[in-house]
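S.K.: Just the structure for this:
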Amino acid sequence: MSYLIWDTETNIRPYLKRKASPFHPDNSPVINITKRAGEDSKVEFLPRFYDRTADKEFIIGLEGVTVLVGFNLKFDLLHCWEFPDLQQWLKDGGTIWDCQYAEYLLEGQQPHAQMCSMDSIAEKYGGELKPERVKQYWEQGIDTVDIPIDLLKEYCDGDGDNPERIFKGQVARAAQLGKNFIEMVKLRMDGLLATTEMEYNGLKIDAEKAETQRVSAQERLDAMDAELLQYIPMLPPELEFKWSSRYLRSYLFYGGVAKYLKWVHHTDPDTKELLYAVRTEKWPLFEGEPVDPAFCELDASGLYILSDTRTFGEIPTQDNYQSGKRIGEGKTKVVKMPDYEKPKGAKQEHFFTFPGYTKPSQKWLSAGEDGKGGPLYSTNSDVIEALGNRGVPFLQLFAGRQKLDKDLGTYYWKEDKDGNRKGMLTLISQYDGLIHHKLNTDVTVTTRLSSSDPNMQNLPRKDKSTVKELFISRFEDGEMGELDYSQLEVIIQGWLTADANLCADIIKGIDFHCKRLAQKLGEGYESVKRKAKDEEHEDFILYSGMRTGVKGFSFQRAYGAGAEAISEATGIPVEEVKQLIKDELVMYPGIELFNAKVAEAVDKSKQITDDVLFTRKGVVKRCMGQWTAPTGTIYTFFESEAPVFLQDRGIKASFSPPDMKNYPVQGTGGEMVQMVLGKLFRLHLQKDRYGGKALMVNTVHDCVWFDYRKEVRDEVLNDAIRVMQGIPVFLKRHFNIECGVVFRVNAECGPNMYDLHKFDSTYYLEG
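M.R.: Residues are numbered from 1 along each chain as shown. Prediction:
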């Protein structure tokens, strides 16, 4: 193995949520750091206005190199991805080792290893911390080319030595974990190259249609907001309802007492008359008997006149001063009287009781209490989604409103309270008209990919939204293609559990959602499948809807959810869910046996950590345990506070059963997809991306997206089907694993990612 350590420092202009974005023309490599085995680090300062778009020669020599080593290597690669000699080196079989990604895998995805920095692990492998002054310049927004060159030289020297020490140490650790672990890391590194390719290629958006949809969505949202107002009870004027208040939402949803302040006019305790502040006035003194002032008022000249001369006759004459400085002036007296503009009173506590629309689950209990000390319950997004399945019109409307608002702020744009726009459409590059999303390899606990800025792995289904219409081909006479694994979570369960019945059903191509529905209805499988799949059947709408509900059960169950959680997520009554679980245990007993083996492995590997848990029964040291997949991937589990019934038995902390069921299935499924992405990327390299007519552009959990010219559609999609269905072959070749199942793929194509139709292929597996 001939390796080359490589790092590059670039201009730091941020753009569209990327620091030192490789997609801004003002950013390019300005310092190149390399280190070959047995040699000193080489630091090369590139010309100040180095233009990677004009100079297509890669900035490092790759002759004789088999492994390119770096830290957060995708960042460096994206700044140089278009260079032909880099692409040729990859085509000739060149591989990478990203120390950041490798550390994440070696540490079993523990939090401290997720997106770790080089400084956080350098000393662990015998390296040295780099000087902070350069980072401080960057934090202040000073560009790399404007930092003193001597500081940069000192800083960059460590970018060759530290990665080399880390790399050597990681390879040694990987070797101790076995051949499969090393093979797994290599395959995942090719997957990292595939996600680099996808980020670089980006996604084309139909901006005009996007704005039309955004306006329509905003109009629907405004209408829903107006409709929601009718569900707020008539409130006292002093109690303003705010949707942003978690207290008021809890009262509205579940019932509760709101406390508010109301101003109350004080009264005399004896007479019960309203009280006012006292003010003083100067009143005139009249000659003779005084006139009742209640019947007098001041005229424009300042003299008092009677308000009704017909009743009181002539106006009396004001008594004047007869001598002194004020001679001739009218005499006055000071009179106290109520100030009717200043009533006496104070704000006092009042209470309003909301009746509520549904009963809360006790697990939604939240911090705080209502106006009279009653409980408060959560109304977060997950809870609202579950409430939407309860069949209550208000809750359904609110859940729909929440989803629409989320879609608007995620896939279109909306303004925050400061007037700043956020959302997918704000991330379209002004330079190439594409969205360059992020596909993150080392941030989840299961090694599954995540996506951000924008999130391209959480797009709403076609029956929920038309968002997918926005993703179109960049090619003239082009189209989009999507290849999706069929029931991947069930296939992975079959492989891992080796349940004979489950594997047999997988090989036969059983639709597990239809099978579970048939079991629930007491109807024949073929009959249910025909009704749920045949759009021409008179019962299609009814049965396809019921299949969708059961499909939710399948997903939730495969990922370790319990009966109540599945019921909340799908809307299926909890008793029906429990029956479906019982039926599953009878049909596929190997699943529970496998889950028990995972739990046993986690418990046997238990180690005490430095963390502590504060439980109902006191403080306890937190433990961690691990389970290793057949491919060598390590999954780490941490204890949490034990359920009440276990704490009553003296067990304060325990591992989460849903997590121990979830991680192996979700993680291994994600691992297979990443390895397949690497295989597809290598194929695209060998075919020169089909003459530049086809691009890998995205992956969404169990599927892959392609953007291509129609003239190469058949070749691109048929190749992808063969590669994706070939998992059993490469498991045998790379890991010597007989997986005992088959992996089926569905391929669709069309003018956008919404209007897709089935692609006809002779390469589909039967069943």
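
S.K.: Check whether residue 22 sits in a helix, strand or coil.
M.R.: Using DSSP: H, G, I helix; E, B strand; the rest coil, the structure places residue 22 in coil.

S.K.: The residue lying closest to it once chain neighbours are set aside: neighbour count?
M.R.: The shortest distance from residue 22 to any non-neighbouring residue, by C-beta to C-beta, 6 or more residues apart in numbering, is to residue 78 (4.0 Å). C-betas here are computed from N, CA, C, even on glycine. Per other C-beta atoms under 10 Å, the neighbour tally for residue 78 reads 19.

S.K.: Contact partners for residue 78?
M.R.: When contacts are counted by C-beta atoms under 8 Å, 6 or more residues apart in numbering, residue 78 touches 22, 196, 199, 200.

S.K.: Tell me where the stretch 51-200 of the chain is predicted with low confidence.
M.R.: Within the stretch 51-200 of the chain, the stretches with pLDDT under 70 are 51-59.

S.K.: any chance you could map the helices in it?
M.R.: Here the stretch 51-200 of the chain has its helices, by DSSP state H, counting those that start in this stretch, at 73-78, 84-91, 99-106, 118-122, 133-139, 149-177, 179-201.

S.K.: chain center to stretch 241-249, what's the gap?
M.R.: Remark: stretch 241-249 is offset 23 Å from the chain centroid, using C-alpha atoms, centre = their mean, to the nearest Å.

S.K.: And for it, what's in contact with it?
M.R.: The contact list for stretch 241-249 (C-beta under 8 Å, 6+ apart) reads 232, 235, 252, 256, 258, 366, 368, 370, 376, 378, 379.

S.K.: export those residues to JSON lines and tack on neighbour count?
M.R.: Conversion of those to JSON lines gives the following (neighbours: other C-beta atoms under 10 Å):
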{"residue": "232", "neighbour count": "13"}
{"residue": "235", "neighbour count": "14"}
{"residue": "252", "neighbour count": "24"}
{"residue": "256", "neighbour count": "25"}
{"residue": "258", "neighbour count": "22"}
{"residue": "366", "neighbour count": "16"}
{"residue": "368", "neighbour count": "11"}
{"residue": "370", "neighbour count": "21"}
{"residue": "376", "neighbour count": "20"}
{"residue": "378", "neighbour count": "20"}
{"residue": "379", "neighbour count": "24"}
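
S.K.: list the buried ones in the helix or strand hosting residue 591?
M.R.: Taking DSSP states H and E as the criterion, the element that holds residue 591 is helix 590-604. Along helix 590-604, the positions that meet the burial threshold by neighbour count (16 or more other C-beta atoms under 10 Å) are 590, 591, 594, 595, 598, 599, 601, 602.

S.K.: thinking again about what came up before, which members of the contacts of residue 78 are the farthest-apart pair?
M.R.: 22 and 196 (10.2 Å; C-beta to C-beta).

S.K.: where do the contact lists of these two overlap?
M.R.: Shared contacts of residue 22 and residue 196, counting by C-beta under 8 Å, 6+ apart, come down to 78, 81.

S.K.: isn't residue 583 right up against residue 517?
M.R.: No. Under the criterion of C-beta atoms under 8 Å, residue 583 makes no contact with residue 517, lying 10.9 Å away.

S.K.: what about those two, which has more around it?
M.R.: Comparing residue 583 with residue 517 by neighbour count (other C-beta under 10 Å), the higher total belongs to residue 517, at 25 against 14.

S.K.: that's a strand at that one, yeah?
M.R.: No. Assessed by three-state DSSP, residue 517 does not belong to a strand; its assignment is helix.

S.K.: so what's it closest to, chain neighbours aside?
M.R.: The shortest distance from residue 517 to any residue that is not its chain neighbour, by C-beta to C-beta, 6+ apart, is 4.7 Å, and that residue is residue 550.

S.K.: Counting neighbours, which bits of the helix or strand where the one you found lies end up buried?
M.R.: Here residue 550, judged by DSSP H and E, is contained in helix 540-558. Applying a neighbour-count criterion of 16+ other C-beta under 10 Å, the buried positions in helix 540-558 are 543-544, 546-547, 549-558.

S.K.: Correct me if wrong: residue 669 contacts residue 487.
M.R.: No. Assessed by C-beta under 8 Å, residue 669 is found out of contact with residue 487, at 10.5 Å.

S.K.: And those two? Which one has more around it.
M.R.: For the pair residue 669 and residue 487, the greater number of neighbours falls to residue 669 (25 against 22), based on other C-beta under 10 Å.

S.K.: So what does the residue positioned nearest the centre of the chain look like in phi/psi?
M.R.: The residue lying closest to the centre of the chain (C-alpha atoms, centre = their mean) is residue 455, at 7.2 Å. Taking degrees, to the nearest 10, you get phi -80, psi 110 for the backbone angles of residue 455.

S.K.: One more: the one 10 residues further on?
M.R.: Recorded main-chain torsions at residue 465 are phi -160, psi 160, according to degrees, to the nearest 10.

S.K.: Let's see stretch 605-617 as PDB, backbone CA atoms only.
M.R.: Extracted as PDB, the C-alpha positions of stretch 605-617 are listed here (Å, rounded to 0.1, in the frame of the first residue of the first chain):
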ATOM      1  CA  SER A 605     -19.900  -6.400  26.600                       C
ATOM      2  CA  LYS A 606     -21.200  -3.900  29.200                       C
ATOM      3  CA  GLN A 607     -18.700  -1.400  30.400                       C
ATOM      4  CA  ILE A 608     -19.000   1.400  33.000                       C
ATOM      5  CA  THR A 609     -18.600   4.900  31.500                       C
ATOM      6  CA  ASP A 610     -17.800   8.200  33.200                       C
ATOM      7  CA  ASP A 611     -21.300   9.500  32.700                       C
ATOM      8  CA  VAL A 612     -24.000   9.400  35.400                       C
ATOM      9  CA  LEU A 613     -27.700   9.000  35.200                       C
ATOM     10  CA  PHE A 614     -30.100  10.700  37.600                       C
ATOM     11  CA  THR A 615     -33.000   8.200  38.100                       C
ATOM     12  CA  ARG A 616     -36.100   8.100  40.300                       C
ATOM     13  CA  LYS A 617     -34.200   5.800  42.600                       C
END
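
S.K.: now the strands for the stretch 301-450 of the chain?
M.R.: Across the stretch 301-450 of the chain, reading from the start of the chain, the strands by DSSP state E, counting those that start in this stretch fall at 304-306, 332-343, 345-354, 365-369, 375-377, 414-415, 421-422, 434-435, 438-440, 450-452.
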